[in-house]
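Participant: Fold the following.
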Amino acid sequence: MKVVYQLALPAGREPAPAVKMLTDRIQDADVSLISFRVRYDQAATRFNNYLQVHATELAQLGGQYSKLKPLPVFTLPVK
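Facilitator: The predicted structure is shown next:
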(Lines give C-alpha, C1' and ligand atoms only; values in the text may rest on other atoms or scores of the structure.)
Protein backbone atom coordinates (compact mmCIF):
# COMPACT_ATOMS: atom_id res chain seq x y z
CA MET A 1 0.00 0.00 0.00
CA LYS A 2 2.90 2.34 0.69
CA VAL A 3 3.99 2.19 -2.97
CA VAL A 4 0.47 3.07 -4.12
CA TYR A 5 0.32 6.00 -1.68
CA GLN A 6 3.71 7.27 -2.89
CA LEU A 7 2.47 7.22 -6.49
CA ALA A 8 -0.96 8.64 -5.75
CA LEU A 9 0.12 11.19 -3.13
CA PRO A 10 3.54 12.48 -4.24
CA ALA A 11 5.52 14.56 -1.74
CA GLY A 12 5.53 18.27 -2.47
CA ARG A 13 2.49 18.17 -4.80
CA GLU A 14 -1.20 18.24 -4.14
CA PRO A 15 -2.90 15.23 -5.79
CA ALA A 16 -6.03 15.55 -7.89
CA PRO A 17 -9.17 15.73 -5.73
CA ALA A 18 -10.47 12.39 -7.03
CA VAL A 19 -7.16 10.66 -6.26
CA LYS A 20 -7.05 12.21 -2.78
CA MET A 21 -10.63 11.09 -2.07
CA LEU A 22 -9.95 7.53 -3.22
CA THR A 23 -6.73 7.18 -1.23
CA ASP A 24 -8.50 8.58 1.86
CA ARG A 25 -11.24 5.98 1.45
CA ILE A 26 -8.66 3.20 1.02
CA GLN A 27 -6.83 4.32 4.15
CA ASP A 28 -10.10 4.43 6.14
CA ALA A 29 -11.01 0.92 4.99
CA ASP A 30 -7.53 -0.32 5.87
CA VAL A 31 -7.84 1.04 9.40
CA SER A 32 -11.27 -0.62 9.78
CA LEU A 33 -9.97 -4.01 8.65
CA ILE A 34 -8.72 -5.02 12.09
CA SER A 35 -12.06 -4.36 13.78
CA PHE A 36 -13.89 -6.27 11.03
CA ARG A 37 -11.57 -9.24 11.50
CA VAL A 38 -12.06 -9.17 15.27
CA ARG A 39 -15.85 -9.16 14.90
CA TYR A 40 -15.71 -11.90 12.25
CA ASP A 41 -13.50 -14.05 14.50
CA GLN A 42 -15.93 -13.62 17.39
CA ALA A 43 -18.89 -14.63 15.24
CA ALA A 44 -17.02 -17.52 13.59
CA THR A 45 -15.85 -18.82 16.97
CA ARG A 46 -19.42 -18.77 18.33
CA PHE A 47 -20.66 -20.56 15.19
CA ASN A 48 -17.89 -23.18 15.42
CA ASN A 49 -18.65 -23.76 19.10
CA TYR A 50 -22.33 -24.18 18.25
CA LEU A 51 -21.44 -26.80 15.64
CA GLN A 52 -19.41 -28.74 18.21
CA VAL A 53 -22.03 -28.59 20.96
CA HIS A 54 -24.96 -29.47 18.68
CA ALA A 55 -23.26 -31.89 16.27
CA THR A 56 -25.66 -34.72 17.10
CA GLU A 57 -28.78 -32.62 16.61
CA LEU A 58 -27.48 -31.20 13.33
CA ALA A 59 -26.69 -34.68 12.03
CA GLN A 60 -30.24 -35.82 12.92
CA LEU A 61 -31.73 -32.88 11.02
CA GLY A 62 -29.88 -34.05 7.92
CA GLY A 63 -29.81 -32.14 4.66
CA GLN A 64 -27.86 -28.93 4.60
CA TYR A 65 -27.62 -28.84 8.41
CA SER A 66 -25.56 -32.01 8.53
CA LYS A 67 -23.14 -30.52 5.99
CA LEU A 68 -22.25 -27.38 7.97
CA LYS A 69 -18.50 -26.96 8.42
CA PRO A 70 -16.52 -24.81 10.86
CA LEU A 71 -15.55 -21.37 9.60
CA PRO A 72 -11.89 -20.32 9.37
CA VAL A 73 -10.65 -17.67 11.78
CA PHE A 74 -7.89 -15.09 11.50
CA THR A 75 -6.54 -15.55 15.02
CA LEU A 76 -3.47 -17.68 15.49
CA PRO A 77 -3.66 -20.58 17.93
CA VAL A 78 -1.85 -19.96 21.22
CA LYS A 79 0.77 -22.56 22.09
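Participant: In the longest helix along the chain, which residues are buried?
Facilitator: Counting residues, the longest helix found in the chain (DSSP state H) is helix 17-53. Neighbour-count burial for helix 17-53 flags 23, 44, 48 (criterion: 16 or more other CB atoms under 10 Å). Every residue, glycine included, has its C-beta placed from N, CA and C.
Participant: Pipe those into TSV and attach pLDDT and distance to Gly12 per row.
Facilitator: Converted to TSV, the buried residues of helix 17-53 look like this (pLDDT from 0 to 100; distance: CB to CB, whole Å):
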residue	pLDDT	distance to Gly12
Thr23	84	16
Ala44	96	45
Asn48	97	51
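Participant: so how far is the longest helix of the chain off the chain centroid?
Facilitator: Distance of helix 17-53 from its chain centroid, counting by CA atoms, centre = their mean, to the nearest Å, is 4 Å.
Participant: after that helix comes which helix or strand?
Facilitator: helix 55-61 (DSSP states H and E).
Participant: Was I right to think Ala8 contacts Ala16?
Facilitator: No - when contacts are counted by CB atoms under 8 Å, Ala8 is not listed as touching Ala16 (9.1 Å).
Participant: Looking at those two, which one has more neighbours?
Facilitator: Using other CB atoms under 10 Å as the criterion, Ala8 and Ala16 rank with Ala8 on top: 14 against 10.
Participant: Lys67 versus that one, what's the distance?
Facilitator: With the distance defined as CB to CB, to the nearest Å, Ala8 ends up 45 Å from Lys67.
Participant: quick one: the most far-flung residue of the chain relative to its centre from Leu33, how far?
Facilitator: For the chain, the residue at maximal distance from the C-alpha centroid (CA atoms, centre = their mean) is Gly12, at 34.6 Å. Gly12 sits 29 Å away from Leu33, going by CB to CB.
Participant: now do Gln64
Facilitator: Separation of Gln64 from Leu33 (CB to CB) stands at 31 Å.
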